[in-house]
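> fold the following for me, if possible:
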Amino acid sequence: METSKRPKFSEYPALQNPALEIRLLTLLPNPDDSAPIEVELRASQLEHVEDEYIALSYAWGDPNNTAPITINGHGHHVTVNLQSALRHLRLPSEMVTLWVDAVCINQDDDAEKSSQVQQMGRIYRSAELVIAWLGEAADD
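Presented below is the predicted three-dimensional model:
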């Protein structure tokens, strides 16, 4: 399985209207805490989101310190801090629906990124819950 720093544009579910749509990430369950992280990414209408979702706000961390996850069956790398957050949010037997900016917004498409960033207030307000993840617990 080929890995890259982030999903290629062709692997993103298309947004017909980035001002009205978002992508949601479904974190697939696994009872094994050490199992690889697997997610599915799909487009959804922001005004008519079928599933309740959690918006994850997190410290990106060092962009060069990455870890693997699988998105729609393709291997990719995300920051270690995001992988850690996903590992902590994953449930043993239930899917978790999330909005995560670094994955749900195509970071290689400047027009989409600009449009989606303008929608972030609505995205966070429409979420069932917003979680702020600073990273693993530390003594300092």
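
> tell me the secondary structure of the residue lying closest to residue 18 once chain neighbours are set aside, please.
Closest residue in space to residue 18, ignoring its immediate chain neighbours: residue 115 at 3.9 Å, by C-beta to C-beta, 6 or more residues apart in numbering. Bear in mind the C-beta positions are built from the backbone N, C-alpha and C, glycine included. Of the three states, residue 115 takes helix under DSSP: H, G, I helix; E, B strand; the rest coil.

> hmm, residue 115 is touching residue 20, no?
No: the criterion here is C-beta atoms under 8 Å, and residue 115 misses it with residue 20 at 9.5 Å.

> these two: which has the busier surroundings?
When residue 115 is set against residue 20 and neighbours are counted by other C-beta atoms under 10 Å, the residue ahead is residue 115, at 17 against 14.

> now do the buried residues in the helix or strand containing residue 84.
With elements delineated by DSSP states H and E, residue 84 resides in helix 80-89, which encompasses its position. Using 16 or more other C-beta atoms under 10 Å as the test for burial, helix 80-89 gives 80, 81, 82, 83, 84, 85, 86, 87, 89.

> kindly report the same for stretch 26-46.
Neighbour counts over stretch 26-46 (16+ other C-beta under 10 Å) mark 26, 27, 28, 30, 37, 38, 39, 40, 41, 43, 44, 46 as buried.

> cool, and stretch 89-97?
By neighbour count on 16+ other C-beta under 10 Å, the buried set for stretch 89-97 is 89, 90, 96, 97.
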